[in-house]
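Participant: next comes the sequence, and after it the predicted model I'd like to discuss.
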Amino acid sequence: MKPGQESRIPTQFTRLGAQQPLATEIGAEFQPNEIKTVILGCTKDPRLIEESTKASQVEKLNPFALRSSLSDEPNKFLSAASLFGPCLSAESCEIKAMSNQTAQVDVLVIGSGPTGLGAARRLHQFNHQSYLIVDEQEQAGGLASTDITQEGFLFDVGGHVIFSHYQYFDDMLKEALPNPSDWFDHPRISYVRCKNTWVAFPFQNNIGQLPLDDQIRCLDGLIHATEERSKALEKPQTFDEWIVRMMGTGIADLFMRPYNFKVWAYPTTSMQCRWLGERVAAPSLKQVLKNALLKKEAGNWGPNAMFKFPAEGGTGGIWKAVCRRIPQERFQFKRQLVGIDGSARIARFNDGSTIRYGKLISTAPLDLMCGLIDQEKRVESEPALKPLADALVYSSTHVVGFGIRGLPTGPMKGSCWLYYPEDNCPFYRVTVFSNYSPNNCPKEQVKLKTLQAADPSLNNKLDLKTSKEGPYWSLMLEISQSALKPVDEPNLIRDSLQGLINTEMVEPNAEIVSIYHRKFDHGYPTPSLQRESQLKVLLPALQERYNIWSRGRFGSYRYEVANQDHSCMIGVEAVDNILYGTPEMTLNEADWVNGRKNVERRLF
């Protein structure tokens, strides 16, 4: 499909249901991995029995779970079960008050994003009787949440789509959103903005769409790379070496190097290449030449060539639905983990409460988690983990969204997302978020005021006082930040709009009716040259010393298994490892799980 063709999206939809929380104010920083807790308990108190009876409409009565409506008395009802012993029946259950007011739980899960929810769903599947999930946020979703602006525009907190390597993950989504009308299926339609034109993605397979001089430059480099690759005796060690060996210097300089610096905020020469796997298409010289000569556009490639997206609620709606399939008394939100006594296996929280755990699955960033453990602040006999964890490399991410009056035109009309390697805009990727689902925007009949023109110097030519009807569409931008790639945060909205004008995404007089901005301190876990040596020490040490399974996008720090399906299954497999000693294949064998459909686990 060429730029400007119609998107394959139906035109009849229903209005979004319950209102979601408003987006944070423009420029407000977000700390996505602060953690919360809950106190489990059991009693013959009729209030609790009444509350639990209400819960039985969804799940079978669990006498060991304190309903959230009673959480204003967090230390009154404490665990009646031993740490690893079987749960007692409701009839025999009594309050076990401990002198230090510490509750006990077998498996404590920190965070309710895809990894935490995957772990929780697996524990629920096994009817495990002593687990809980705690999170600092108000609702489940983590880094796969969706915000809604005051004007009614939805924005995911990053570029998320659903594709899967796992049958178990498919089962979870089918259970959560079972109806065909819950989903849209989309072919990936993506382009690279380069040399004032649109080049189909993958860029390296479609260089015939470039100006002739650039085609020659790229083909010359590709031919030379093919010759050199046939003589190479050693594998490339850095991402930059891999790029040059596989694609040549022409493609490297025109697209791969500048684009990847914009994504990672880190030079390709300082990144390893083991993480690549299926994520970057290695071009075929014959196919590239054929496409260039015939002016043929290469077809879709990669695991997300087709993807799913929820009809309502954005990506966050998926994980809210998954959360509803787990007994709600297993969750407590809006409490922050502030410390861990690793030797005593006690987690401390900002409200003064504590929980003694048997095993802990943490989805908090690995570097932050190591800094919370008491023993790592005063290690004497063992090497301290915190300095090693602090050396892990990551970048921050800004997500910027714009709600726009009118309808998308040109390449925006049918595209999913687009890539920007050049320096005429601050963003590296733009998603036409309204193309995923019309429910990501307000209905056409909704009246909104124009906040500004894309070029604010044209504001005097627009009516900024009158509320008017739509239609509306939306764009979601991603901008990376690091010490090596600073961002002018106070002027980011201005610079982003100018970048959209520079790249012909919007007209200067486009009417902006909604603005969204959220910053994630931990945005991308960077596969640095030192990463593997760091993880080989950190992950086993946390497990062996403190019974902490650090897992997830930033918990285990492996970007090659950091998509939603991977993150969810890392939680599932962590539970299997804790309960049964099963190997964690997603964590440790990325190429293997990414090269097959994994059908060994089933939910039903």
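Facilitator: That came in fine, so what should we check first?
Participant: alpha carbons of stretch 226-235, as PDB, please.
Facilitator: Provided in PDB are the C-alpha atoms of stretch 226-235 (Å, rounded to 0.1, in the frame of the first residue of the first chain):
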ATOM      1  CA  THR A 226      28.300  -8.700   0.800                       C
ATOM      2  CA  GLU A 227      31.800  -9.300  -0.500                       C
ATOM      3  CA  GLU A 228      33.400  -8.500   2.900                       C
ATOM      4  CA  ARG A 229      30.900 -10.700   4.700                       C
ATOM      5  CA  SER A 230      31.900 -13.700   2.700                       C
ATOM      6  CA  LYS A 231      35.500 -13.300   3.800                       C
ATOM      7  CA  ALA A 232      34.800 -12.500   7.500                       C
ATOM      8  CA  LEU A 233      36.200 -15.000  10.000                       C
ATOM      9  CA  GLU A 234      34.700 -13.500  13.200                       C
ATOM     10  CA  LYS A 235      31.200 -12.400  14.100                       C
END
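Participant: which residues make contact with it from outside it?
Facilitator: By CB atoms under 8 Å, 6 or more residues apart in numbering, the surrounding residues in contact with stretch 226-235 are 245-246, 285. Every C-beta, even on glycine, is put in place using the N, C-alpha and C of the backbone.
Participant: scan these and report the most crowded one.
Facilitator: Met246 (22 neighbours; other CB atoms under 10 Å).
Participant: next one: phi and psi at it?
Facilitator: phi -90, psi -30 (degrees, to the nearest 10).
Participant: what about it, distance to Lys262?
Facilitator: As judged by CB to CB, to the nearest Å, Met246 and Lys262 stand 20 Å apart.
Participant: Thr115 contacts Phe554, correct?
Facilitator: No - using CB atoms under 8 Å, Thr115 is not in contact with Phe554, being 9.6 Å away.
Participant: which neighbours do these two share?
Facilitator: Contacts common to Thr115 and Phe554, judged by CB under 8 Å, 6+ apart, are Thr363.
Participant: ok now stretch 331-338, how far from the chain's centre?
Facilitator: 20 Å (CA atoms, centre = their mean, to the nearest Å).
Participant: before we move on, what about stretch 291-299?
Facilitator: Chain-centre distance of stretch 291-299: 34 Å, with CA atoms, centre = their mean.
Participant: what's in contact with that stretch?
Facilitator: Residues from elsewhere that reach stretch 291-299, judged by CB under 8 Å, 6+ apart: 2, 200, 202, 205-209, 215, 219, 287, 290.
Participant: can you lay out these as TSV showing pLDDT?
Facilitator: What follows is the contacts of stretch 291-299, written out as TSV (pLDDT from 0 to 100):
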residue	pLDDT
Lys2	43
Ala200	90
Pro202	88
Asn205	89
Asn206	92
Ile207	92
Gly208	91
Gln209	92
Gln215	94
Leu219	94
Gln287	86
Lys290	88
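Participant: which two of these have the greatest separation?
Facilitator: Lys2 and Leu219 (22.6 Å; CB to CB).
Participant: which one's more surrounded, the two?
Facilitator: Leu219 (19 against 11).
Participant: was I right to think the more buried one contacts Leu289?
Facilitator: Yes - counting by CB under 8 Å, Leu219 touches Leu289, with 7.0 Å between them.
Participant: from the contacts of stretch 291-299, list the buried ones, please.
Facilitator: 200, 202, 205-209, 215, 219 (16 or more other CB atoms under 10 Å).
Participant: which one of the residues you listed sits closest to Tyr559?
Facilitator: Nearest to Tyr559 among those: Pro202, at 18.5 Å, using CB to CB.
Participant: how about that closest one, phi and psi?
Facilitator: phi -70, psi 140.
Participant: tell me the contacts of Gln375?
Facilitator: 341-343, 545-546.
Participant: how about those, which pair is most distant?
Facilitator: Using CB to CB, the contacts of Gln375 span at most 11.9 Å, a distance reached by Asp341 and Arg545.
Participant: and the next helix or strand past the longest strand seen in the chain?
Facilitator: In the chain, taking DSSP state E as the definition, the longest strand is strand 511-525. Once the chain leaves strand 511-525, the next helix or strand it forms, by DSSP states H and E, is helix 531-546.
Participant: partners of the helix or strand just after that next one, with directions?
Facilitator: With elements assigned by DSSP H and E, the helix or strand that comes after helix 531-546 is strand 548-550. The strands that strand 548-550 pairs with in its sheet are strand 354-362 (parallel) (by DSSP bridges).
Participant: check the offset of the partner strand from the chain's centre.
Facilitator: With CA atoms, centre = their mean, you get 24 Å for strand 354-362.
Participant: next one: stretch 588-604
Facilitator: 19 Å.
Participant: check stretch 288-300 too.
Facilitator: 33 Å.
Participant: wait, is Asn291 part of a helix?
Facilitator: Yes - applying DSSP: H, G, I helix; E, B strand; the rest coil, one finds Asn291 inside a helix.
Participant: burial measure for it, as a count.
Facilitator: Using other CB under 10 Å, Asn291 has 20 neighbouring residues.
Participant: now do the strands in the stretch 251-400 of the chain.
Facilitator: 306-310, 331-333, 337-341, 346-349, 354-362, 394-405 (DSSP state E, counting those that start in this stretch).
Participant: turn those strands into a markdown table, columns for distance to Glu478, mean pLDDT and mean neighbour count.
Facilitator: Output for the strands of the stretch 251-400 of the chain, formatted as a markdown table (distance: least, CB to CB, whole Å; pLDDT from 0 to 100; neighbours: other CB atoms under 10 Å):
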| stretch | distance to Glu478 | mean pLDDT | mean neighbour count |
| --- | --- | --- | --- |
| strand 306-310 | 17 | 90 | 19 |
| strand 331-333 | 27 | 95 | 21 |
| strand 337-341 | 28 | 97 | 20 |
| strand 346-349 | 32 | 97 | 22 |
| strand 354-362 | 26 | 98 | 24 |
| strand 394-405 | 6 | 98 | 24 |
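Participant: any stretches of the chain with poor pLDDT?
Facilitator: For the chain, the stretches with pLDDT under 70 are 1-100, 278-282, 299-304, 379-381.
Participant: how does it divide into domains?
Facilitator: 46-143+314-392+530-594, 190-294, 394-525 (automatic domain parsing).
Participant: for Asp182, find the nearest of those domains.
Facilitator: Short answer: domain 46-143+314-392+530-594, nearest of the domains of the chain by CB to CB, at 8.4 Å.
Participant: chain center to the closest one, what's the gap?
Facilitator: For domain 46-143+314-392+530-594, the distance to the chain centre is 18 Å (CA atoms, centre = their mean).
Participant: the strand or helix carrying Leu219: which residues count as buried?
Facilitator: Assigned by DSSP H and E, Leu219 belongs to helix 212-231. By neighbour count on 16+ other CB under 10 Å, the buried set for helix 212-231 is 214-215, 217-219, 221-222, 225-226.
Participant: just put those residues in CSV and tack on distance to Phe433.
Facilitator: Shown next, in CSV, are those (distance: CB to CB, whole Å):
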residue, distance to Phe433
Asp214, 31
Gln215, 33
Arg217, 34
Cys218, 31
Leu219, 36
Gly221, 35
Leu222, 34
Ala225, 36
Thr226, 39
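Participant: Thr363: which of those residues is nearest?
Facilitator: Nearest member of those to Thr363, counting by CB to CB, is Ala225, at 39.6 Å.
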